[in-house]
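Student: here is a sequence together with a model predicted from it:
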2 protein chains.
Amino acid sequence: MGSPCFTVALWDGFSITPEGVAPVATVRVHNRSALNQLLRQGDMGFGDAFSSGGVSVEGDLVAMLVAAFSVPEPQRIARVVKQMQQRKPRANTHDGSRENIHHHYDIGNDFYRLWLDKEMQYTCAYFPEAEMSIEAAQQAKMDHVCRKLQLRPGDRVAEAGCGWGGLARHMALNYGATVSSWNVSAEQVQYASERAKAEGYSDRVTYVLDDYRNITGEYDVFVSVGMLEHVGRDNYAELGSVVDRGLTQDGRALVHTIGRNRPRLMNAWIEKRIFPGAYPPTLKEMMDIFEPHRFSVLDVENLRLHYAQTLAHWLARYDAARDQIRDQFDDDFTRAWRLYLAGSQAAFLVGGLQLFQVLFTRERNNNLPSSRQHLYR
Amino acid sequence: MGSPCFTVALWDGFSITPEGVAPVATVRVHNRSALNQLLRQGDMGFGDAFSSGGVSVEGDLVAMLVAAFSVPEPQRIARVVKQMQQRKPRANTHDGSRENIHHHYDIGNDFYRLWLDKEMQYTCAYFPEAEMSIEAAQQAKMDHVCRKLQLRPGDRVAEAGCGWGGLARHMALNYGATVSSWNVSAEQVQYASERAKAEGYSDRVTYVLDDYRNITGEYDVFVSVGMLEHVGRDNYAELGSVVDRGLTQDGRALVHTIGRNRPRLMNAWIEKRIFPGAYPPTLKEMMDIFEPHRFSVLDVENLRLHYAQTLAHWLARYDAARDQIRDQFDDDFTRAWRLYLAGSQAAFLVGGLQLFQVLFTRERNNNLPSSRQHLYR
C-alpha cells in the first residue's frame, strides 16, 4: 500500500505532502506540544492530541486513518511486539469488569440514542444488501443470529452481555423465546428492564444486573453478541464452563465478537480512553472457549466489512448530531469519540479488525440442519 | 451414553450381555489369541483381530462401533493421554509423504472404482437434501466448493492433493477455470491424466506428480480437498507459505479436511494399517496455516454428518461388491477395509471426527460477497 497519502502541516507553515499521490486529508499539528505527543507516544499521542484539539484533520478522517494504518509491515510488526511487551489490558476480574464496563457503557443512554438505531444495537449490523438502512441491518443481524441458533417458541435462552436489551426483546417477541440476559452495566439493565415493563414483555425477558460468570439454570440456547471483547483472554475457558454448565444436550450456542487475524493488543489509545480492558481475540485464541469442553464448532462467519458499514452509519449520525453532543459533553470528549468511530471503521476496512460469529453445539448433538440454506430463505 | 450395548461372546460359550438394553450386535471372539489381542492392544488389537477373523461381529457393525466409541469420558481421556505419549504418526517428509500416500492410494484404481462414485471422489460429499444419491452429493460437494471460491471463467487454480482428478475436471469443464493439480500418488495422477487426454481437456487441466510443497506459479484460487489429513501438524505453516507465495491479492483459498474438536491422534489401528502418517487437526491447530501469513478466515463450515452419510453409501457399495473385492484381495484385507469404513462412519456419528471446510483470503481483500446467499441459490 506504500506510504500514507496525507499531508502533515505544522503550526509554523512547514508541511510534508506525499509525492505522486493526491493526499486524502491534511493533518494539522497546531503546536509544539502536540508534535511532541505524536512523535513520542504513537497512537496514544495521536488520540490524545486529536481529542484535546492540538491536532486536527481536514478532509476525510476515515481515509486518512486507512492510510495511516497502511504503513509498511516491518514497522507495524516491531510496534506490535513492543506493545505486547509493554502493556497488558486492565484485568477483567469481577470488580475490574464492572469498572471497565461502567467506564464505557454508563456514559448516558441519551448519548448513545443520538447515533445508534432505535433498538440501541451497539454491535455489528448485517447488510445482506448494501443499500439497507442501519435500522433494517440491525434487525437483519438479530434475525441472522436467531436463525443460526434455530430459535423456536418455548426455547429458554441465556444471554451474556445484553447491551440495552434489544436482542433479548427480539427473541421473545418475534421467536417466542424466554430470555434471561446478564449485564454488569447498571444504566443498560435499568433501561432494558423499564422498557420490558412498559411494553409488557417482562414475563418473557429478565434482565439481570450481574456478571456472566454467575449465569445459572438450564437453557436451550446460549448467545453472546459483542461481549467477548470485554472478557479477556484469561477467562475464555471459564466462559466455556458457563455454557457447559447450563446448555441442554441438544442446545445451540453462538458467540459474536470483534477479532483479529493475528494476536495483537487493542490500539493503545482506544484501550486507555474508550474501552478499558478490551481485547479482540484471534480464532485460535477463541478456541479456548470450545476445546476444553469438547464443543463442536459448526459455523464461523466473518462479517468484517459489515462492521465497516455499520460504523459508517454511526459516524454519519454522530456527525449529524454534533450540536446535541456538544450540549452534553466537552469538546475533548466529542472529538475523542469521533476519532474512535472513524478509527474503528478504518481498522475494519484495512483488515486490522475482523468480526466473527461462531455457532457451536455439544459434540454429540446430531440434531443439526442438513445445510445452512435455512439462513437464506 | 452409558455402557456399550453389545454382547461379547467367547469361543467356549461364555458371554456378557448388557442389562436393560437390547444389544445392537454380538462380538464373537473365536479363540484365546484374539481375546489376548483385544485385552492387551485396545483399538489396535480389535482392528487386527477383526481383519484376521479372530473376532467377528454379528449384527450392525456401525451401531456396535458407535456403542464402543461411547465408553465413559474419563477412560477415554486417560487413553488419549497415553496414546499421545506413546505414538507419533509416521513423518511426512517429502519421501515419507510419498511412501505414506503410496500405501493407501496405490492399492489399485479398480478397487476404489467398486465403491466410490463415478467421479472417484474419495472425500466427504454434500447432502443438502438427505435423500440424494452419492453421485448427486459428490457433484453438490464440488459445486459447493466452487461457489465458496467464487470460481470464474479464466481463473487459474492451484490444487493440492487432487485424488483421481475429479474436482479439477469439474472446475475446468463447468466453471471455465485452468487448473494445475499436485499429487504424489502415481496411480491417481496417471488415471487423471489419461482421462483428461481421452476426454479432451488436457489443455485446461495439468496433473503434476509432485509434492504440494513444490507448487509454483501465480493463481487466483487455491484449493485442497482431503489432503490436510496427510500433511502433518509440523507442516501447516509451510502449507500456508505455499498459498502465500502464489495467491493473487484478490485470490480465494479453501481447505477441506477431516478434523477434531480436541487434539487427539488418529485411531492407532487406522493410522497403522490404513492411513500411515494421517492426523486430523483441530481448528486451533489449523490456524497455523493462516495466522503466520495474516490470512483472513471468512467461513468455516462443519459437515460432520455429511461424512457419516457419505461413508454409509460407501459401506453399502463395498458390501454389495464383496465378491469382486474377494477376487482381488485376501480375506484379511477385505475385512480390514470393511472395519475402516464402518469405524469411520461411527466416529463421524458420535462426533469423534469432524469435517471442516475453511474459506480464506488475504487480509486486505475487500472484494468479498455481501453474504453467503450466493451459495444457496
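Tutor: Good, I have the coordinates. Numbering: from 1, shown residues only, chains lettered A, B, ... in the order given.
Student: extract the CA atoms of stretch A:8-27 and return them as PDB.
Tutor: This file holds the C-alpha atoms of stretch A:8-27, laid out as PDB (Å, rounded to 0.1, in the frame of the first residue of the first chain):
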ATOM      1  CA  VAL A   8       1.100  16.800   7.600                       C
ATOM      2  CA  ALA A   9       1.200  20.600   8.300                       C
ATOM      3  CA  LEU A  10       2.900  22.200  11.300                       C
ATOM      4  CA  TRP A  11       1.900  25.400  13.000                       C
ATOM      5  CA  ASP A  12       4.800  27.300  11.600                       C
ATOM      6  CA  GLY A  13       3.900  26.700   7.900                       C
ATOM      7  CA  PHE A  14       6.200  23.700   7.400                       C
ATOM      8  CA  SER A  15       4.400  20.800   5.700                       C
ATOM      9  CA  ILE A  16       5.100  17.400   4.100                       C
ATOM     10  CA  THR A  17       3.000  16.100   1.200                       C
ATOM     11  CA  PRO A  18       3.500  12.700  -0.300                       C
ATOM     12  CA  GLU A  19       4.800  12.700  -3.900                       C
ATOM     13  CA  GLY A  20       2.900  11.300  -6.800                       C
ATOM     14  CA  VAL A  21      -0.400  10.800  -5.000                       C
ATOM     15  CA  ALA A  22      -3.200  13.200  -4.100                       C
ATOM     16  CA  PRO A  23      -3.400  13.500  -0.300                       C
ATOM     17  CA  VAL A  24      -6.800  12.400   1.100                       C
ATOM     18  CA  ALA A  25      -6.500  14.800   4.000                       C
ATOM     19  CA  THR A  26      -4.400  17.200   5.900                       C
ATOM     20  CA  VAL A  27      -3.300  16.500   9.500                       C
END
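Student: ok now it, how far from the chain's centre?
Tutor: Computed by Cα atoms, centre = their mean, to the nearest Å, the separation of stretch A:8-27 from the middle of its chain amounts to 32 Å.
Student: mind listing what's buried in that stretch?
Tutor: For stretch A:8-27, a neighbour-count test (16 or more other Cβ atoms under 10 Å in any protein chain shown) marks A:Val8, A:Ala9, A:Leu10, A:Pro18, A:Pro23, A:Val24, A:Ala25, A:Thr26, A:Val27 as buried. (Glycine included, C-beta is placed from N, CA and C.)
Student: repeat for stretch A:238-248
Tutor: A:Leu239, A:Gly240, A:Val242, A:Val243, A:Asp244, A:Gly246, A:Leu247.
Student: coming back round to it: dump the buried residues of stretch A:8-27 into CSV; add distance to chain B as well.
Tutor: Below are these laid out as CSV (distance: Cβ to the nearest Cβ, whole Å):
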residue, distance to chain B
A:Val8, 24
A:Ala9, 29
A:Leu10, 31
A:Pro18, 19
A:Pro23, 21
A:Val24, 16
A:Ala25, 20
A:Thr26, 25
A:Val27, 23
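Student: let's see which of those end up in strands.
Tutor: A:Val8, A:Ala9, A:Leu10, A:Ala25, A:Thr26, A:Val27 (DSSP state E).
Student: among the residues you listed, which pair sits farthest apart?
Tutor: With Cβ to Cβ as the measure, no two of those lie farther apart than A:Leu10 and A:Ala25, at 15.5 Å.
Student: need the buried residues of stretch A:8-27 in CSV (columns: pLDDT).
Tutor: Converted to CSV, these look like this (pLDDT from 0 to 100):
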residue, pLDDT
A:Val8, 88
A:Ala9, 90
A:Leu10, 90
A:Pro18, 76
A:Pro23, 89
A:Val24, 90
A:Ala25, 92
A:Thr26, 93
A:Val27, 92
